[in-house]
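Novice: the sequence and its predicted three-dimensional model are supplied below.
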Amino acid sequence: MKYLILIYTNPATREVWDALPEAQREAGYQAHLAFRESLADSGELIVAEALADPATARRMTTTGGRTSTADGPFAEAKELLAGFYLIECESLERAIEHGSRVPEAEFGLVEVRPILDLHAP
Amino acid sequence: MNPSDSSGSSGVEGLLRALAPQALGALVRRYGGFDTCEDAVQEALLAAAVQWPRDGIPANPKGWLITVASRRRIELWREDSARRRREESAAALTPPDPDPAPAADDTLTLLLLCCHPSLTPTSQVALTLRAVGGLTTGEIARALLVPEATVGQRISRAKQRIKTSGAEFRLPPEAERTARLDAVMEVLYLIFNEGYTASSGPDLSRADLTAEAIRLTRQLRDLLPGHGEAAGLLALMLLTDARRPARTRPDGALIPLAEQDRTRWNADAIAEGVELITRTLATAPIGPYQLQAAIAAVHAEAPRPQDTDWRQILGLYDLLHALAPGPMVTLNRIVATAMVDGPREGLARLTEAESDPALSGHHRLAAVRAHLLELAGDLPAARTCYRLAARRTLSLPERRYLESRASRLTR
């Protein structure tokens, strides 16, 4: 089964993160790096990426073949996606066990979603 | 049609797949060190895949593979300079191979090693496909829909695990063998299902996994002629795969068993599966794969859905429930009950089954309830249950199917 581990951010957590001393932020990056390496090592990692700041996002609308874009960030969204890990593992329990190793899980900002199989039951 | 014929797109490919485990077995037997030998054989297979179609198949293809792989193995060994000393001492210690065992034994030993209990199921699948099936890492990655790097990691990690677990290249003692063979059959069934779930259009490489699983299970059955469950698993695969041509619409949408065009079922595969399971049930101790194959055979023998012998199916599910109970057996047994004793009886049993935590909240339970409510004529409740099941399933085609059932009842 494939699972997506989603990491969210919101203005409050962003503030906390920015206020952290450099050493603690470094520890956060290292935790992600170690997590990623252990997933790759066990053959469970498919892809993992961190997303650029929401301010760089473009929201697009296509009407009658014409596309218009608007600049982010989007004030109506309370929480924004900051990054993700796409993994393949044995069970939801195992995926949750992995998700709990994401540092942001401490703040309740991590979500695990099973991937819909496009092929068949 | 022999399903093993469809696994290779050319003669060379089929030949390489058949020779892969034999060459690997010969190499491990001669030099030891499963992990290095497996890498060496993989490289020899890649070389053969390039050279043989161009220069022609050598007179002794197996000998060619073993020679090239042996050479490559020595190179791989030397590349690791820290090992040089060990190589010398190992060479002095390794006795010559006086009496190589027949190739057939090696394939079974390899299968058991690739399905070693220290490995996770995903690793067992990847390693089995490569070391016994002779597929490349890239082919396995495309078949399993994961990146090649991920499969590469799974295989190297699995080989590392086998090494540290101290597992040896020999048949496990008799006492362990039953459990180890169960694991092999589980892996083969997993490979089959991985392929069977992909059925439409561009995903031919996924469908190839089904043929590969059948080919490997056929080998297993040939290696263990008296083993009822190996024969049962092969029959189950043949009978299930026989329905594939009728199982999906051109757009990939699912067609339930009762609505399939039975003339499109593969009659040869059905004949082989029915013959195999009939013979096996009469001679071997019964087991879960045989019972599932027998159920598939009863379905296959009904020319029309209304001809299905549900009483016999219910009896087989009763046996299966006694022998290997599980949530899906419970649900299928309830469906059979409903077909024999009416949908209301099935619905009552479903309410009892709901107390099982493995089933409460499961989309299949909601789907079965919807189906039985529809049969009982309670259409609004059936619609609600179809919608609930559609939201809970993790399969897109199944979700589409359940949604279409729901909207059909709206009209």
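Specialist: On my side now, so go ahead.
Novice: what's the pLDDT at A:Tyr29?
Specialist: If you check A:Tyr29, the pLDDT there is 91.
Novice: what's the neighbour count on it?
Specialist: By other C-beta atoms under 10 Å in any protein chain shown, 11 other residues sit near A:Tyr29. Backbone N, C-alpha and C define where each C-beta goes, glycine included.
Novice: same check, this time on the one 4 residues further on
Specialist: Neighbours of A:Leu33 under the rule other C-beta under 10 Å: 10.
Novice: now do the one 10 residues further on
Specialist: A total of 25 residues lie near A:Gly43 under the criterion other C-beta under 10 Å.
Novice: again with A:Leu6
Specialist: Residues near A:Leu6, counting by other C-beta under 10 Å: 20.
Novice: find the nearest non-adjacent residue to it, please.
Specialist: A:Glu111 (4.4 Å; C-beta to C-beta, 6 or more residues apart in numbering or on different chains).
Novice: which SS state does that neighbour fall under?
Specialist: Following DSSP: H, G, I helix; E, B strand; the rest coil, we place A:Glu111 in the strand state.
Novice: for it, what are its contacts?
Specialist: Applying C-beta atoms under 8 Å, 6 or more residues apart in numbering or on different chains to A:Glu111 gives the contacts A:5-6, A:8, A:99.
Novice: check what pLDDT the residue of chain A found nearest chain B gets.
Specialist: Residue nearest to chain B within chain A (C-beta to the nearest C-beta): A:Gly43, separated by 3.3 Å. As predicted, A:Gly43 sits at a pLDDT of 90.
Novice: tell me who's in contact with the closest residue to it other than its chain neighbours.
Specialist: Once flanking residues are discounted, A:Gly43 sits nearest to B:Arg154: 3.3 Å by C-beta to C-beta, 6+ apart. B:Arg154 makes contacts with A:43, B:122-123, B:126-127, as judged by C-beta under 8 Å, 6+ apart.
Novice: rewinding a little: just say helix, strand or coil for the residue of chain A closest to chain B.
Specialist: Classified using three-state DSSP, A:Gly43 is coil.
Novice: please apply the same query to the one 5 residues further on.
Specialist: Using three-state DSSP, the secondary structure recorded for A:Ala48 is strand.
Novice: grab the nearest non-local neighbour of it.
Specialist: Distances taken as C-beta to C-beta, 6+ apart put A:Tyr85 closest to A:Ala48, at 4.3 Å, once the chain neighbours are dropped.
Novice: next: B:Thr278.
Specialist: B:Ala297 (7.5 Å).
Novice: just the element for the residue of chain B found nearest chain A, please.
Specialist: Closest residue of chain B to chain A, C-beta to the nearest C-beta: B:Arg154 (3.3 Å). Remark: B:Arg154 resides in helix B:148-165, with elements defined by DSSP states H and E.
Novice: buried ones in that helix?
Specialist: Across helix B:148-165, burial judged by 16 or more other C-beta atoms under 10 Å in any protein chain shown covers B:150-159, B:161-162.
Novice: next SSE after it?
Specialist: With secondary structure assigned by DSSP H and E, helix B:148-165 is succeeded by helix B:174-196.
Novice: send me that following helix as CSV with only the CA atoms.
Specialist: Output of helix B:174-196 as CSV, limited to C-alpha atoms (Å, rounded to 0.1, in the frame of the first residue of the first chain):
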residue,chain,number,x,y,z
GLU,B,174,11.8,-31.0,7.4
ALA,B,175,10.3,-29.4,10.5
GLU,B,176,10.6,-25.9,9.1
ARG,B,177,9.7,-26.7,5.6
THR,B,178,5.9,-26.5,5.9
ALA,B,179,5.9,-23.0,7.3
ARG,B,180,8.5,-21.9,4.8
LEU,B,181,6.6,-23.3,1.9
ASP,B,182,3.5,-21.4,3.1
ALA,B,183,5.5,-18.2,2.9
VAL,B,184,6.6,-19.0,-0.7
MET,B,185,2.9,-19.6,-1.7
GLU,B,186,1.9,-16.4,0.0
VAL,B,187,4.5,-14.5,-2.0
LEU,B,188,3.5,-16.1,-5.3
TYR,B,189,-0.2,-15.3,-4.6
LEU,B,190,0.8,-11.7,-3.7
ILE,B,191,2.6,-11.4,-7.1
PHE,B,192,-0.4,-12.9,-8.8
ASN,B,193,-2.8,-10.4,-7.2
GLU,B,194,-0.5,-7.5,-7.9
GLY,B,195,-0.7,-8.4,-11.6
TYR,B,196,-4.4,-9.3,-11.5
